[in-house]
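Undergrad: let's see this in three dimensions:
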Amino acid sequence: MENPLVFRDRQGDSLLIQGAVFAAASLIWFLVNIPIAGVAFVIVGIGMIVSGRNLTVTADRTTRLLRLEYQSRFGRQVKTFSFDEIVDIRLERSSGSSESDTGYRVIAVLTDGQKIPFHSLFTTGGEDERHQVTTLRAFIFNK
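TA: Purely as a prediction, here's the structure:
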């Protein structure tokens, strides 16, 4: 694997979801004539657009650091962890009432037991997250 290992990830609020929220808001507001519900959907949609964050995950064998860099419309936040602090990279699962309701996110488990989620939200599917976990484990722990 190349050094450094880099993943770029967009939090679960894709333009498709944002568009669906605005379409639902329009339908509820104008066709069904329920302005309060329409306003609620508009507020949720605006919140999704404003809170969207890009995540760049960088694992570097030379510096032995895992870096999580979050970029949003309001600024940048960076979290850095030494490989020595990390005991595992896991796929965390939120249980829903059915398999389609189940969400996934990547977490780093530190030596003190603290769990660091890469994202605050869970996303459905989990294939990208599984790939990240497998690749990061192999890269960080040489497995």
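Undergrad: tell me the SS of the residue positioned nearest the centre of the chain?
TA: Nearest to the mean C-alpha position of the chain, by CA atoms, centre = their mean, lies residue 119 at 3.6 Å. Assigned with DSSP: H, G, I helix; E, B strand; the rest coil, residue 119 falls in the coil class.
Undergrad: how about the strands in the protein?
TA: Counting by DSSP state E, the chain has these strands, from start to end: 5-10, 53-60, 65-72, 75-82, 86-94, 103-110, 115-117.
Undergrad: poorly predicted segments of the chain, please.
TA: Scanning the chain for pLDDT under 70 picks out 11-22, 25-26, 28-38, 40-42, 44-52, 96-100.
Undergrad: how close does residue 115 sit to residue 109?
TA: As judged by CB to CB, to the nearest Å, residue 115 and residue 109 stand 6 Å apart. (Glycine included, C-beta is placed from N, CA and C.)
Undergrad: which neighbours do those two have in common?
TA: Common contacts of residue 115 and residue 109 (CB atoms under 8 Å, 6 or more residues apart in numbering): residue 90.
Undergrad: quick one: which of these two has more around it?
TA: More neighbours surround residue 109 than the other of residue 115 and residue 109, with 16 against 11 (other CB atoms under 10 Å).
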